[in-house]
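Asks: How does the following fold in three dimensions:
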Amino acid sequence: MDPLGAKLRRQRRKLGLTLDELATRTGISKPYLSLIETGRVTNPPSDEKLGWLEQALAFAPGELLSQAHLQRTPSDVRAVLQKLIGEEAGMRMEKTEPRVNLGVNLDDAYLSGILQQMVELASSNVETVATNAVPVINRVSAGYPSDFTDLSYPPRVADEYVGCPEVNDKDAFAARVHGESMLPKYRPGDIVIFSPAADPRDGDDCFVRFDDGQTTFKRVFFETDAQGASALRLEPRNGKYRPQVVSSECVSGLYKAMYKYQRVDEG
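Replies: Predicted structure coming up:
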């Protein structure tokens, strides 16, 4: 299977489109498109963005979506899935004619729902965790926006978890603070738990995800810019750092900080 980024770039060039033209057609920023094509985005874009790309680049409906879901699946799950699909296809053929090697179509597996079942139920490297165990997926920059990756794990899966009984959001996640712009309340190395289900309000500390895949950790205020458009002021708690005002349209996710874990044997 060709990498998703290479596939997009080949099709874009085949149609004679520039990155600027593709950005205009899809509403996806040019820098983010470039990151996708060059493989610097660990996870595929959202299903919504992939749908826009399918239309703009004349792919068959669901073609990019299928590949993206496969890429998000751990390699050992794909191996087991291939084996099961091959066995099932062989049994179907044996009913009418001698068994032949049909090969494996993973796109069909995704569309039929088999893939989703495998991801959820049959991965040897996916640990079943207790209720309210929050995955620590990576680190978030308490400074200038930086690239972020959840290491290609399926939702709610990670190598490390923290317990938080009072968080009842199944999509809650945790990240380590990196940088000093949120001092003194948050120190580098602190683990902060964020809840996508909580509604952020003015002044809340939030994990901010941008359309281009970058993220930051800031205090958020809801404002309007000079043209009256919706905007966000990202305010560091450390006075040495300057606030940043960004268009709300550039932000794809805003997740409120709920709890933090902090070492007590350091200054």
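
Asks: For residue 64, see how far away residue 183 is.
Replies: Separation of residue 183 from residue 64 (C-beta to C-beta, to the nearest Å): 42 Å. C-beta coordinates here come from the backbone N, C-alpha and C atoms, glycine included.

Asks: neighbour-wise, which of those two wins?
Replies: residue 64 (24 against 17; other C-beta atoms under 10 Å).

Asks: Quick check on the more buried one: phi, psi?
Replies: With angles defined as degrees, to the nearest 10, residue 64 sits at phi -70, psi -40.

Asks: Verify the stated contact: it with residue 52.
Replies: No. Residue 64 is beyond contact range of residue 52, at 9.8 Å (criterion: C-beta atoms under 8 Å).

Asks: Point me to the helix or strand that includes residue 135.
Replies: Element membership of residue 135, judged by DSSP states H and E, is strand 133-141.

Asks: where exactly do the helices run in the stretch 101-250 of the chain?
Replies: 106-112, 114-121 (DSSP state H, counting those that start in this stretch).

Asks: So what's the residue count around residue 69?
Replies: 21.

Asks: on contacts alone, who are the packing partners of the strand or helix carrying it?
Replies: Taking DSSP H and E as the definition, one finds residue 69 inside helix 63-71. Where contact means 3 or more C-beta pairs under 8 Å, 6 or more residues apart in numbering; DSSP states H and E, helix 63-71 is packed against helix 4-14, helix 47-56, helix 106-112, helix 114-121.

Asks: ok, how many other residues are close to residue 48?
Replies: The burial count for residue 48: 10, using other C-beta under 10 Å.

Asks: Residue 27 - how many residues pack around it?
Replies: 11.

Asks: How about residue 23?
Replies: A count of neighbours around residue 23, defined by other C-beta under 10 Å, yields 18.

Asks: Is it in contact with residue 37, as I believe?
Replies: No. Counting by C-beta under 8 Å, residue 23 does not reach residue 37; the two are 11.7 Å apart.

Asks: and the helix holding residue 69, what's its mean pLDDT?
Replies: Taken as a whole, helix 63-71 has a mean pLDDT of 84.

Asks: Can you say which helix or strand has residue 256 in it?
Replies: Judged by DSSP H and E, residue 256 forms part of strand 251-261.

Asks: Surely residue 213 and residue 34 touch.
Replies: No. Assessed by C-beta under 8 Å, residue 213 is found out of contact with residue 34, at 10.8 Å.

Asks: Done for today, thanks.
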